[in-house]
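[1] this one's sequence-less:
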């Protein structure tokens, strides 16, 4: 594995972007989890009562 200073600019930007995304997901985990849970719920044509 190469050291961070030996990586190209594109690789450094990609790693930085991934870290920012992980931090954003961690800070909004409750909303993210609700969205994931809602996405995997069974969809029916019946209205919720």
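    Yes, it's here. From a predicted model like this one, the values you see are computed outputs, not experimental measurements.

[2] burial count for residue 32?
    Residues lying near residue 32 (other C-beta atoms under 10 Å) number 13. In this view, the C-beta of every residue, glycine as well, is placed from N, C-alpha and C.

[3] gap between it and residue 19?
    Distance, residue 32 to residue 19, using C-beta to C-beta, to the nearest Å: 16 Å.

[4] do residue 38 as well
    Counting by C-beta to C-beta, the gap from residue 38 to residue 19 is 27 Å.

[5] Next: residue 4.
    From residue 4 across to residue 19, the span is 12 Å (C-beta to C-beta).

[6] Repeat that for residue 11.
    Distance, residue 11 to residue 19, using C-beta to C-beta: 13 Å.

[7] Next: residue 27.
    Residue 27 is 13 Å from residue 19, where distance means C-beta to C-beta.

[8] Not counting its neighbours along the chain, what's nearest residue 7?
    residue 15 (7.4 Å; C-beta to C-beta, 6 or more residues apart in numbering).

[9] Tell me which residues touch residue 24, please.
    By C-beta atoms under 8 Å, 6 or more residues apart in numbering, the contact list for residue 24 is empty.

[10] For it, what is the enclosing helix or strand?
    In the assignment (DSSP states H and E), residue 24 maps to helix 9-27.

[11] and after that helix, which helix or strand comes next?
    Remark: after helix 9-27, the chain's next helix or strand is helix 29-40, criterion DSSP H and E.

[12] what separates that following helix from the chain centre, distance-wise?
    Relative to the centre of its chain, helix 29-40 is centred 11 Å away, using C-alpha atoms, centre = their mean, to the nearest Å.

[13] Could you pull up the mean pLDDT of that helix?
    For helix 29-40, mean pLDDT is 89.

[14] Ok, stretch 2-12 next?
    91.

[15] Give the buried residues for it.
    The neighbour-count check on stretch 2-12 (16 or more other C-beta atoms under 10 Å) flags nothing as buried.

[16] Distance across it, terminal residue to terminal residue?
    Chord length of stretch 2-12, first to last residue, is 12 Å (C-alpha to C-alpha, to the nearest Å).

[17] No further questions, thank you.
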